[in-house]
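A.B. asks: Got a predicted structure here, sequence first:
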Amino acid sequence: MARLFHVPLSPFCRKVRLSLAEKKIEVERVEERYWEQEPDFMRRNPAGKVPVLQLDGIIMSESAAICEYIEETRPEPSLMPSDPVQRLEVRRLVSWFDDKFHEEVTSKLLYERVNKKVMGQGFPDSRNVKDGAKAIKYHIDYMAWLLDHRRWLAGDVMTLADFAAAAHLSSLDYISDVDWNRSDVVKDWYAKIKSRPAFRSLLADQVPGFPPPKHYNDLDF
């Protein structure tokens, strides 16, 4: 069986988990305190980051590369369009969420509120939290604009772009940092993706010291 070394609320790990689940690939999940840089883990990934996936006799790191490998070796159900222009748009949006959204929002909300405490790195920086709370409004508005023109973020079908976005937003939703009332179309999009069987394991996550809000597991939130 495949093994995934991960952290439950890491959006990069969640993106990989969603891809694996959508493809119905059974995987053993191993929670990894990557910040402690244990020698065994550092041998798996000298970069000292999660996720790390063991699959097909290969040890893989970097979530984008992992998801591309899964897509290329298990093409059904597809998470990437066949058209090169549409594939470009999926990759652009994956990068948007994993780079821009992560830098402006996830790192300033989730990492300040949760990661610092878990890692013993002190208290949240209130300025970062304030900046993240402001930035997420811009990103939700951008998603609303995309979804006003498309059925899914990158086009007419669900793709890896939707999983990348949902991975970040679900992590933030765990700590109640998403204002779902800001956009009905974004809320409806999230409700659709949240109801997929691939999402079930994410909704079952529990982080000690951080109980999820009541609506987190509710499919009719």
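C.D. replies: That came through, no problem.
A.B. asks: what comes up buried for the helix or strand in which Asp188 is found?
C.D. replies: Per DSSP states H and E, Asp188 falls inside helix 184-194. Neighbour-count burial for helix 184-194, counted by 16 or more other Cβ atoms under 10 Å, picks out 186-187, 189-190, 193-194. Where you see a C-beta, it was placed from the backbone N, CA and C, and this is true even at glycine.
A.B. asks: go on, stretch 127-140?
C.D. replies: For stretch 127-140, by 16+ other Cβ under 10 Å, it's 128, 131-132, 135-136, 139-140.
A.B. asks: In TSV, list these along with distance to Ala161.
C.D. replies: Formatted as TSV, the buried residues of stretch 127-140 follow (distance: Cβ to Cβ, whole Å):
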residue	distance to Ala161
Asn128	26
Asp131	25
Gly132	22
Ala135	19
Ile136	18
His139	14
Ile140	15
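A.B. asks: thinking again about what came up before, give me the helices and strands touching the helix or strand that the helix holding Asp188 is followed by, please.
C.D. replies: Toward the C-terminal end, the helix or strand that comes next after helix 184-194 (DSSP H and E) is helix 200-203. On a contact count with 3 or more Cβ pairs under 8 Å, 6 or more residues apart in numbering; DSSP states H and E, helix 200-203 meets helix 11-22.
A.B. asks: Restricted to helices, list the buried residues of stretch 127-140.
C.D. replies: Among the buried residues of stretch 127-140, the members falling in helices (DSSP state H) are 128, 131-132, 135-136, 139-140.
A.B. asks: where does the residue lying closest to Ile175 once chain neighbours are set aside land in three-state SS?
C.D. replies: Counting by Cβ to Cβ, 6 or more residues apart in numbering, Arg113 is the residue found nearest to Ile175 once chain neighbours are left out, at 5.5 Å. Classification of Arg113 by DSSP: H, G, I helix; E, B strand; the rest coil places it in helix.
A.B. asks: what angle sits between the one helix or strand Ser171 maps to and helix 184-194?
C.D. replies: Using DSSP H and E, Ser171 sits within helix 160-174. Taking axes from the mean of the first three to the mean of the last three Cα atoms, to 10 degrees, one finds that helix 160-174 is oriented at 100 degrees with respect to helix 184-194.
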